[in-house]
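Asker: everything below, folded, please.
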Amino acid sequence: MERLQAAIERAREQRDTRGPARPQRGPAPDKTGVDEAWAALPEIKLQRRLMLRNRIMTFRSSKESTPYDILRTRLVQQAQTNGWRRIAITSPHSACGKTTTCANLAFGLGRQTGTRAVVLDFDLRRSGLGRILGQKGEIPMEDVLSGRVPFKDVAMRHGPNLAFGLGFGTSHRSAETLQSEQTRRVLEEIEAEYQPDLMLIDLPPMSASDDNFGFLNRIDAAIIVAEAEQTTMTQIDVAERQVAELTNVAGVVLNKCRYVNGAYGYEDGYY
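Answerer: Residues are numbered from 1 along each chain as shown. Next up, the predicted model:
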């Protein structure tokens, strides 16, 4: 862990990772009708056994959810300090666990009273978020982003303050869809109608396609999820540089780590 952190810090010293300045969006509109919009969303049906099998540990508060809860709290603090609302989750390559991380962050935010979060599956080629949540459907997210289907027709709510926008099927025009002006308008419409404090957006891996390169400049920051013992430092460095050229890097998360020392872990015996 120390070597990973030191290598990342050295890479950051060699370039400006602050990223381009994010455009300031205007003040939030009047909240009249926002509560009704949230209440109108259908409740998502989840199976606790499936959540645990898919390693969604924050579905309920427990000692196993602690690492993700720490990540959630640090992300919320960064977002409040910097005025971030749209947070992307990506990875250098596939199988790093970015979608699992996104889902765990989502449920962690859902347990935080007073914070409303909208979670969107923009990995249009795979649509993995709905799969790990045990959901089935026929409407692809591409239809929502193109304006053919209203967001409310695919959105589902978990509790009073967490909403999911899930798509299904495979898109053959994912890059063009994510880069379109219509996608920008749809995001703004979701923000205006539901006024979330945070939007988590599950994106494809950086090396998988060009999907992210035309979209990352529309979000405020991104988390990069790396796979322990598989993702190389070169891959992390390249992904971080690519993201930093387009938006802010909120952090690098080391996932699937089997060995955690006291400096980076948590006190299991405290509970």
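
Asker: spit out the contact partners of the closest residue to residue 40 other than its chain neighbours.
Answerer: Spatial nearest neighbour of residue 40, excluding adjacent residues (Cβ to Cβ, 6 or more residues apart in numbering): residue 152 at 7.1 Å. Using the backbone N, CA and C atoms, a C-beta is placed for each residue, glycine as well. Counting by Cβ atoms under 8 Å, 6 or more residues apart in numbering, residue 152 makes contact with 37, 40-41.

Asker: make JSON lines out of the residues you listed and add distance to residue 231.
Answerer: As requested, these are exported to JSON lines (distance: Cβ to Cβ, whole Å):
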{"residue": "37", "distance to residue 231": "39"}
{"residue": "40", "distance to residue 231": "41"}
{"residue": "41", "distance to residue 231": "36"}
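
Asker: which helices and strands sit right next to the helix or strand where residue 101 lies?
Answerer: Element membership for residue 101 (DSSP states H and E) is helix 98-110. Identification of packing neighbours for helix 98-110 by 3 or more Cβ pairs under 8 Å, 6 or more residues apart in numbering; DSSP states H and E yields helix 66-82, strand 86-90, strand 117-121, helix 128-132, strand 162-165, strand 198-202, strand 221-227, strand 248-255.

Asker: so for residue 50, which of the ones you listed sits nearest?
Answerer: Comparing the helices and strands packed on helix 98-110 by their distance to residue 50 (Cβ to Cβ), the top pick is helix 128-132, with 8.3 Å.

Asker: mind listing what's buried in that closest one?
Answerer: 128-130, 132 (16 or more other Cβ atoms under 10 Å).

Asker: same deal with stretch 34-42?
Answerer: 34, 38, 41.

Asker: so which of these belong to helices?
Answerer: Within the buried residues of stretch 34-42, residues falling in helices by DSSP state H are 34, 38.

Asker: tell me which of the buried residues of stretch 34-42 is nearest to residue 80?
Answerer: Distances from residue 80 to the buried residues of stretch 34-42, taken by Cβ to Cβ, are shortest for residue 34, at 19.6 Å.

Asker: enumerate every residue touching the closest one.
Answerer: 193-195.

Asker: do you know the pLDDT at it?
Answerer: What the model reports as pLDDT for residue 34 is 96.

Asker: quick one: it from residue 155, how far?
Answerer: 14 Å (Cβ to Cβ, to the nearest Å).
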